[in-house]
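K.L.:
A structural model of the following input is requested.
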Amino acid sequence: MKYNWQLPDWGKFVYNDTVIDSLCIEFAFESGEVKGLLDSLPTAIQQETILQFMISEAIKTSEIEGEFFSRKDIMSSIKKNLGIVETYDQIRDKNSQGIAKLMVMVRNSYSDKLDESTIKQWHSILMEYSKRVSPGDYRTAEEPMQIVSGNYNHEIVHFEAPPSDQVPVQMEKFIKWYHDFEVKVNDIKKALIKTSISHLYFESIHPFEDGNGRIGRAIAEKCLSESLNRPVLMSISSTIEQNKKMYYQSLKQAQRSSDVTDWILYFSTLILESQKNAKQIVLFTLNKSKFIDQFKNIMNERQIKVVLKMFENGVSGFVGGITAIKYISITKTSRATATRDLQDLAEKNILIPRGEGRNRAYDLNLLNK
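P.N.:
Coordinates of the predicted model:
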């Protein structure tokens, strides 16, 4: 079984573009609705919404590769790179700064020309604090770059990338293909096709020792934004993370043929789902703003701090709800005060209680807005 880069027609992808005809119509509707929602928001809430998307993408694109950063570190890092606050929370994990800075750079430079130096710069930023690889440099190891799974001596090879000495030429061809594939503004079908193939093409070259998945997803975001002539508002990695097995299976299948019809359908569907999820996040951020405005005058400073902390976790919510112990940890107050504050919030219909005794916890009453 040969891999795609070993085929004589490598780089000349074939596909049936009619498979995404109906999907294009749906994507146009969803992306238009999200853009309309965002444009209708006050500037401060727009900024908060965009921030939430970058935080989600930074966290999830890292989790796919087995790196787990705290939401607080990612948020502080992104805010620092956006320059939207004067003082920053201490960032405990320096590696979180790399992915955060990359998210900001990709979004802010979506219309810039993509070239090898840009991709190497992205990798250099991403891997700035890595001790395992040389940031910004293509791989040079003589041993094969393989994607494997399974236990030692029983590994299954899913894919083998081109040898290291071929990487510079392969990347040069990739960049040429990228620029030769022209997309007119608002040609959604071509935008989805180019985005799907650009991700597959880059992942198949796998030019770096580490970070290829994160850079490849950044390329997909840049390609889609550039093609649509506006920064996209979605987190592709959050959708991939919901079914990583399907992502890797689809990628594996696509890396064995020049016919990428199935891959284009899969990845375009992934983008559509990401856009639908984006609408929920925009609505959540809007609801958060309304919620705080409605109740801020009947909450004390401790209560406001806790409610804002609960909102920080986004649509997924505050895992396990807020308990007296968590309240004490956030506000540094006594148990008696924590219990009294929580009961007060429940009586005001700001929180909804559940459980009894030691299992007592509270959730935000988002229906009360």
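K.L.:
CA only for contacts and neighbour counts going forward, please
P.N.:
Fine.
K.L.:
give me the low-pLDDT residue ranges for the stretch 251-369 of the chain?
P.N.:
Flagging of the stretch 251-369 of the chain using pLDDT under 70 yields the residue ranges 314-318, 367-369.
K.L.:
hmm, try it at 80
P.N.:
Along the stretch 251-369 of the chain, the model assigns pLDDT under 80 to residues 285, 312-320, 358, 366-369.
K.L.:
top helix in this structure by residue count?
P.N.:
Secondary structure of the chain per DSSP state H: the longest helix is helix 261-295.
K.L.:
buried set for that helix?
P.N.:
261-279, 281-288, 291-292 (16 or more other CA atoms under 10 Å).
K.L.:
tell me the helix or strand right after that helix.
P.N.:
Later in the chain than helix 261-295, the nearest helix or strand by DSSP states H and E is helix 301-311.
K.L.:
please enumerate the strands of this structure.
P.N.:
146-149, 156-160, 351-354, 361-364 (DSSP state E).
K.L.:
now do residue 246: how many residues are near it, please.
P.N.:
Applying other CA atoms under 10 Å, we find 13 residues neighbouring residue 246.
K.L.:
how much space between it and residue 147?
P.N.:
Distance of residue 246 to residue 147, computed by CA to CA, to the nearest Å: 16 Å.
K.L.:
could you do residue 275 as well?
P.N.:
Distance from residue 275 to residue 147, by CA to CA: 29 Å.
K.L.:
and residue 69, what pLDDT?
P.N.:
The model reports residue 69 with a pLDDT of 84.
K.L.:
quick one: neighbours of it, just the number.
P.N.:
Residues near residue 69, counting by other CA under 10 Å: 20.
K.L.:
and it, what does it touch?
P.N.:
By CA atoms under 8 Å, 6 or more residues apart in numbering, residue 69 lies in contact with 59, 62, 93, 96.
K.L.:
go again using 7 Å as the cut-off
P.N.:
59, 96 (CA atoms under 7 Å, 6 or more residues apart in numbering).
K.L.:
tell me where this protein has helices.
P.N.:
Using DSSP H, the helices assigned to the chain run over residues 21-39, 43-64, 71-82, 95-108, 116-126, 167-180, 188-205, 212-228, 236-242, 244-254, 261-295, 301-311, 324-331, 335-347.
K.L.:
between these, which gets nearest to residue 157?
P.N.:
Of all those, helix 244-254 sits nearest to residue 157, with 10.3 Å by CA to CA.
K.L.:
tell me the angle that closest one makes with helix 188-205.
P.N.:
Per axes from the mean of the first three to the mean of the last three CA atoms, to 10 degrees, the angle that helix 244-254 makes with helix 188-205 is 80 degrees.
K.L.:
taking helix 43-64 as reference, get the angle to helix 244-254.
P.N.:
Helix 244-254 runs at 70 degrees relative to helix 43-64, counting by the same axes, to 10 degrees.
K.L.:
before we move on, the earlier item: tilt between the longest helix of the chain and helix 43-64?
P.N.:
Using the same axes, to 10 degrees: helix 261-295 against helix 43-64 is 130 degrees.
K.L.:
show me what helix 261-295 is packed up against.
P.N.:
Applying 3 or more CA pairs under 7 Å, 6 or more residues apart in numbering; DSSP states H and E, we find helix 261-295 packed against helix 21-39, helix 188-205, helix 236-242.
K.L.:
most packed of those helices?
P.N.:
The highest mean neighbour count among the helices and strands packed on helix 261-295, using mean count of other CA atoms under 10 Å, belongs to helix 188-205: a mean of 22.
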